[in-house]
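S.K.: Show me how the following folds:
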Amino acid sequence: MMTPNTTLNFENTEIAFRNKSDKDLERAYWLFKLIGSSTLIKIGTPITNFSLNIGLPIQGLIRNTIYKQFCGGETIEGCAKAIEELGKGNVTTILDYSVEGEESEASFDACCKEVLETVKYAQKNKLISFCVFKPTGVGRFDLLAKVNAQEKLSDTEQAEFAAVLRRCNAICKACYEAGIPVLIDAEHSWIQDAIDDIARELMERYNKEKPIVYNTYQLYRHDKLASLKADFAYAQQQGFYLGAKLVRGAYMEIERERAQEKGYPSPIQPDKKSSDNDYNKALMFCLDNLDRIGFMAGTHNDESCMLLASEMDKRGIPHNHPHIYFAQLLGMSDNLSFNLGASGYNVAKYMPYGPVKSVMPYLFRRAQENTSAAGQTGRELSLIIKEKERRKSLKK
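M.R.: Just a heads-up that it's a prediction; the model follows:
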């Protein structure tokens with residue numbers, strides 16, 4: 001039975017922070033205050049990197065602050081407690097091995113092996129709803145750029161690219177055999193076409209019975225709504241389910257700077273309103289074709305979440321329909337995740353994990369995205385303050 005949508009309230013901080021102690025809230029408060037300072041992030045990032053590289057003992061400080069807020073643990077097993085905590089709020093987990101910036105064949109093999117371990121773990125733990133991998137975690141960025149530009153590969157590069165395809169296939173095949181869906185993360189526009197081609201081929205191979213492989217569509221690009229529709233038309237024609245993770249996007253400044261530098265039109269939407277419009281149109285398109293599309297609304301936007309939740313009710317779609325998931329990042333937008341979970345919707349949190357030093361590039365990137373995301377840090381802070389005041393009033 002569906003929970004009436006009138007009960008869904010993203011301002012309900014009691015539900016949002018139910019699993020946070022007063023100490024956890026205080027730590028999150030100061031952390032978001034710091035992240036809100038773009039100057040501090042700019043200065044702090046190189047200083048922290050330098051300190052880690054020369055071996056200064058700051059890992060403990062990082063582990064107990066930014067790492068604790070945004071990461072589940074250093075190993076798969078180390079995430080067990082965080083996974084369980086989310087599960088108490090009817091929120092599932094996407095285990096995300098977030099080691100970035102390594103570019104050797106050995107590191108790509110190691111990453112593939114680690115993702116395969118998350119698949120095995122997901123088979124044993126029903127609180128894990130999806131697996132995920134980043135294409136540049138299993139293949140060299142510059143190689144993907146060359147493939148994307150349709151440049152001729154040397155014999156060595158052809159062998160290297162064959163290894164990338166093998167790793168992608170191994171992960172998707174394991175997920176298919178385990179019955180666990182897998183998300184292929186999006187990357188920069190100048191390697192994304194190559195990734196889209198790989199994803200389409202894997203969907204065609206493994207999505208015959210149901211959506212298993214999900215490609216990511218960054219709707220802050222002005223061409224991605226059209227891509228989603230074209231991929232669906234191809235899926236219809238070839239007889240497979242489309243898997244789509246819908247996000248706004250994560251590389252706006254880099255994309256605009258590169259387009260200007262190289263002298264080509266920016267792939268990014270002209271303004272936020274255009275991104276929002278295309279994102280919401282993408283949600284409606286997926287709902288219109290729900291029998292053949294499995295999709296994840298990866299968003300921290302209250303309005304898009306409420307639009308999707310309300311539209312599901314309007315159309316009489318059960319909250320726990322297996323083709324629809326909401327998703328947010330661990331440590332952010334708990335007001336969305338836990339209130340949606342409490343109303344019976346399928347919700348998942350991206351849970352990054354990995355050794356502290358290896359995950360730092362990911363954490364710095366997230367911190368920088370937070371400072372550039374209009375209003376995100378302020379929104380987090382206002383909700384934390386509201387909950388602190390609510391608890392204070394109860395103690396009077």
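
S.K.: Show me the contact partners of stretch 168-177.
M.R.: Defining contact as C-beta atoms under 8 Å, 6 or more residues apart in numbering, one finds that stretch 168-177 is touched by 112, 115-116, 119, 131, 133, 135, 138-139, 181-182, 184, 198, 202, 205-206, 212-213. (Glycine included, C-beta is placed from N, CA and C.)

S.K.: starting at the chain centroid, how far to that stretch?
M.R.: Centroid displacement of stretch 168-177 relative to its chain, using C-alpha atoms, centre = their mean, to the nearest Å, is 19 Å.

S.K.: Just give me the neighbour total for residue 21.
M.R.: Residue 21 has 9 neighbours, counted by other C-beta atoms under 10 Å.

S.K.: Quick check: it vs residue 85, distance?
M.R.: With distances taken as C-beta to C-beta, to the nearest Å, residue 21 is found 11 Å from residue 85.

S.K.: How about residue 289?
M.R.: As judged by C-beta to C-beta, residue 289 and residue 85 stand 35 Å apart.

S.K.: now residue 182
M.R.: Shown here: residue 182 relative to residue 85, a distance of 24 Å by C-beta to C-beta.

S.K.: which residues of the stretch 251-396 of the chain fall in helices?
M.R.: Taking DSSP state H, counting those that start in this stretch as the criterion, the stretch 251-396 of the chain carries its helices at 252-262, 272-288, 302-314, 334-342, 356-372, 376-395.

S.K.: hmm, I was thinking of the stretch 1-150 of the chain
M.R.: Counting by DSSP H, counting those that start in this stretch, one finds helices in the stretch 1-150 of the chain at the ranges 13-16, 22-35, 38-53, 59-63, 66-70, 80-88, 105-124, 135-138, 141-148.

S.K.: With mean pLDDT, distance to residue 177 and mean neighbour count as added columns, please give those helices in a markdown table.
M.R.: Output for the helices of the stretch 1-150 of the chain, formatted as a markdown table (pLDDT from 0 to 100; distance: least, C-beta to C-beta, whole Å; neighbours: other C-beta atoms under 10 Å):
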| stretch | mean pLDDT | distance to residue 177 | mean neighbour count |
| --- | --- | --- | --- |
| helix 13-16 | 97 | 37 | 20 |
| helix 22-35 | 87 | 38 | 16 |
| helix 38-53 | 53 | 39 | 13 |
| helix 59-63 | 70 | 35 | 14 |
| helix 66-70 | 87 | 31 | 21 |
| helix 80-88 | 97 | 22 | 16 |
| helix 105-124 | 97 | 9 | 17 |
| helix 135-138 | 96 | 18 | 22 |
| helix 141-148 | 98 | 26 | 18 |
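
S.K.: How many residues are close by residue 250?
M.R.: When counting by other C-beta under 10 Å, one arrives at 19 neighbours for residue 250.

S.K.: does residue 217 sit in a helix, a strand or a coil?
M.R.: Here residue 217 is recorded as strand under DSSP: H, G, I helix; E, B strand; the rest coil.

S.K.: hey, which helix is longest across this protein?
M.R.: Ranked by residue count under DSSP state H, the longest helix found in the chain is helix 155-178.

S.K.: ok, now how distant is the residue nearest to residue 186 when sequence neighbours are not counted from residue 352?
M.R.: Computed as C-beta to C-beta, 6 or more residues apart in numbering, the closest residue to residue 186 that is not its neighbour in sequence is residue 216, at 3.8 Å. Here the criterion is C-beta to C-beta. By it, residue 216 lies 16 Å from residue 352.

S.K.: and residue 197, how far is that from residue 293?
M.R.: Relative to residue 293, residue 197 is positioned 19 Å away (C-beta to C-beta).
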